[in-house]
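Q: Using only what follows, build the 3D model:
(one chain, ligands or ions: 3)
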Amino acid sequence: MSRLSQTVLVLTVCLFWSGPNLSAAARSQQLNERPIIGVLAQEKLPGDQFARGFSYIAASYVKFLESGGARVVPIRINRTEEEYTKLFYKINGLLLPGGDVDIKTSQFSRAARIFYNLALRANNAGDYFPVWGTCQGFQQLSVLTARKNLLTQTRTKAVALPLTLTPAAQSSRLFRSFPKDLLRSLAEENITSNFHRWSLSVQNYSRNAKLKRFYKVLSTNSDGEKEFISTMEAFRYPFYAVQWHPEKGPFEWIDKPGMVHSVSAVRTSFYTASFFVSEAMKSQHRFSSPAEEEEALIYNHQPVYRGTTAVFVQNYYFD
Ligand SMILES: *[C@@H]1O[C@H](CO)[C@@H](O)[C@H](O)[C@H]1NC(C)=O
Ligand SMILES: *[C@@H]1O[C@H](CO)[C@@H](O)[C@H](O)[C@H]1NC(C)=O
Ligand SMILES: *[C@@H]1O[C@H](CO)[C@@H](O)[C@H](O)[C@H]1NC(C)=O
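A: Ligands and ions are numbered 1, 2, ... in the order given. Below you'll find the predicted structure:
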């Protein structure tokens, strides 16, 4: 064997052997560009004439995540903790939607607590797992973190508000990813939809050490009397909560005060979804086979059209 071919052989062997290690190292930092996010179902609204089964997911939350480049798996209520734990290690993030259930006693709140605890544990162990809460989801996260309900009633049932951004907003993970002109629109125009009776007041947040240690306040709002928190992100966890509705602008069509379909409102929705999905791309959880993944996806269910005067234009229903 010539010296040259010996060198080539050695080089080839080196390259060959270093291959798997290098790609393993690269893989651990690579983004998962096929993220799948779990959306938690909740008990159906009383008197929902379209309901089939006992739980639902408003389709707007699914479309919201899809607009950011994710696929969705429905998380049913009334399942065992074991089933939730298995699913947790297959999905790349969790969205807790808005709605109207009891955030201490419902099956929605039970499943949210199980996933929240799993997410805390995973992140503590270096396994990145983002959680998003919208409206009721925001409130649910506040209860899970504070371990009690600190909400207070506000007059915010159907109103679009500009966000009062805090100094922390500029450097926050969430808003840092927004274009500057859009942040200006968020601060100046009435484009965030508020549809809630309950809020986390700045006062109660400030007096609760658990909440204060956990979440950084990114924006506040007021109903004229009480100042409440409208956007927050956790300091040390990829957990995010908005009291307003980024999904409604592009995907809900009930004609009532508080609904906004302006270019800025729709762009806000997109940048919010894109941000959360980019967080989910940092998770490497996956299903054990393509068949198992396919079976879990929401494509196996058909949303039901409920009319343009319904609060949710389309819902998915589940048993
Ligand atoms: C879901 O769980 C709740 C509380 O455990 C129970 O009351 C209810 O009957 C269950 N519903 C179904 C359809 O299993
Ligand atoms: C603070 O939380 C309590 C519940 O613990 C609630 O009754 C009260 O209305 C809240 N006050 C404010 C100002 O948010
Ligand atoms: C716009 O927001 C302000 C608060 O900054 C609020 O007082 C007002 O009611 C809002 N207007 C509309 C039309 O929603």
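Q: and the stretch 101-250 of the chain, which residues reach ligand 2?
A: When proximity is defined as CB under 6 Å from any ligand atom, the stretch 101-250 of the chain approaches ligand 2 at 150, 152, 201, 203-204. C-beta coordinates here come from the backbone N, C-alpha and C atoms, glycine included.
Q: Please repeat the previous calculation with a cut-off of 8 Å.
A: 148-153, 199-201, 203-204, 207, 226, 228 (CB under 8 Å from any ligand atom).
Q: Mind putting those into TSV with pLDDT, distance to Phe235 and neighbour count?
A: Compiled in TSV, those are given as follows (pLDDT from 0 to 100; distance: CB to CB, whole Å; neighbours: other CB atoms under 10 Å):
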residue	pLDDT	distance to Phe235	neighbour count
Lys148	96	20	11
Asn149	98	22	15
Leu150	98	18	21
Leu151	98	22	20
Thr152	98	24	14
Gln153	98	28	11
Ser199	98	21	28
Leu200	98	16	29
Ser201	98	20	19
Gln203	98	20	13
Asn204	98	19	19
Arg207	98	18	11
Lys226	98	25	17
Phe228	98	20	23
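Q: Nearest to ligand 2: which residue in the stretch 1-150 of the chain?
A: Per CB to the nearest ligand atom, Leu150 is where the stretch 1-150 of the chain lies closest to ligand 2, at 4.3 Å.
Q: show me where the stretch 51-200 of the chain has strands.
A: With DSSP state E, counting those that start in this stretch, the ranges of strands along the stretch 51-200 of the chain come out as 55-58, 71-75, 93-96, 131-134, 152-161, 164-165, 192-199.
Q: hmm, who's touching the longest one?
A: It refers to strand 152-161. Identification of contacts with strand 152-161 by CB atoms under 8 Å, 6 or more residues apart in numbering yields 190-201, 204, 221, 223-226, 228, 230, 244, 256-260.
Q: Check the third one too.
A: For strand 93-96, contacts defined as CB under 8 Å, 6+ apart pick out 35, 37-40, 61, 65, 70, 75, 112, 115, 119, 129-134, 136-137, 140-141, 276-277, 279-280, 283.
Q: Local confidence estimate at Val39?
A: Looking at Val39, its pLDDT stands at 99.
Q: Check the residue nearest to the spatial centre of the chain and give its pLDDT.
A: Nearest residue to the geometric centre of the chain (CA atoms, centre = their mean): Trp132, 2.6 Å. We note a pLDDT of 99 for Trp132 in this prediction.
Q: what residues are up against it?
A: Counting by CB under 8 Å, 6+ apart, the residues that Trp132 touches are 93-96, 239-241, 276.
Q: Redo the strands of the stretch 51-200 of the chain as CSV? Include distance to Val217.
A: Formatted as CSV, those follow (distance: least, CB to CB, whole Å):
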stretch, distance to Val217
strand 55-58, 27
strand 71-75, 28
strand 93-96, 19
strand 131-134, 14
strand 152-161, 15
strand 164-165, 10
strand 192-199, 13
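Q: Show me which residues of the protein sit near ligand 1.
A: So far as CB under 8 Å from any ligand atom goes, the chain lies against ligand 1 at 54, 77-78, 107, 110, 319.
Q: taking these one by one, which sit in helices?
A: 107, 110 (DSSP state H).
Q: Could you take the residues of the chain next to ligand 1 and lay them out as JSON lines, with extra columns for pLDDT?
A: As requested, the residues of the chain next to ligand 1 are exported to JSON lines (pLDDT from 0 to 100):
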{"residue": "Phe54", "pLDDT": "96"}
{"residue": "Ile77", "pLDDT": "98"}
{"residue": "Asn78", "pLDDT": "97"}
{"residue": "Gln107", "pLDDT": "98"}
{"residue": "Arg110", "pLDDT": "98"}
{"residue": "Asp319", "pLDDT": "93"}
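Q: count of neighbours near Ser206?
A: Ser206 has 12 neighbouring residues, counting by other CB atoms under 10 Å.
Q: mind giving me JSON lines with the contacts of Trp132 and columns for neighbour count?
A: Shown next, in JSON lines, are these (neighbours: other CB atoms under 10 Å):
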{"residue": "Gly93", "neighbour count": "26"}
{"residue": "Leu94", "neighbour count": "26"}
{"residue": "Leu95", "neighbour count": "27"}
{"residue": "Leu96", "neighbour count": "31"}
{"residue": "Phe239", "neighbour count": "25"}
{"residue": "Tyr240", "neighbour count": "27"}
{"residue": "Ala241", "neighbour count": "26"}
{"residue": "Phe276", "neighbour count": "25"}
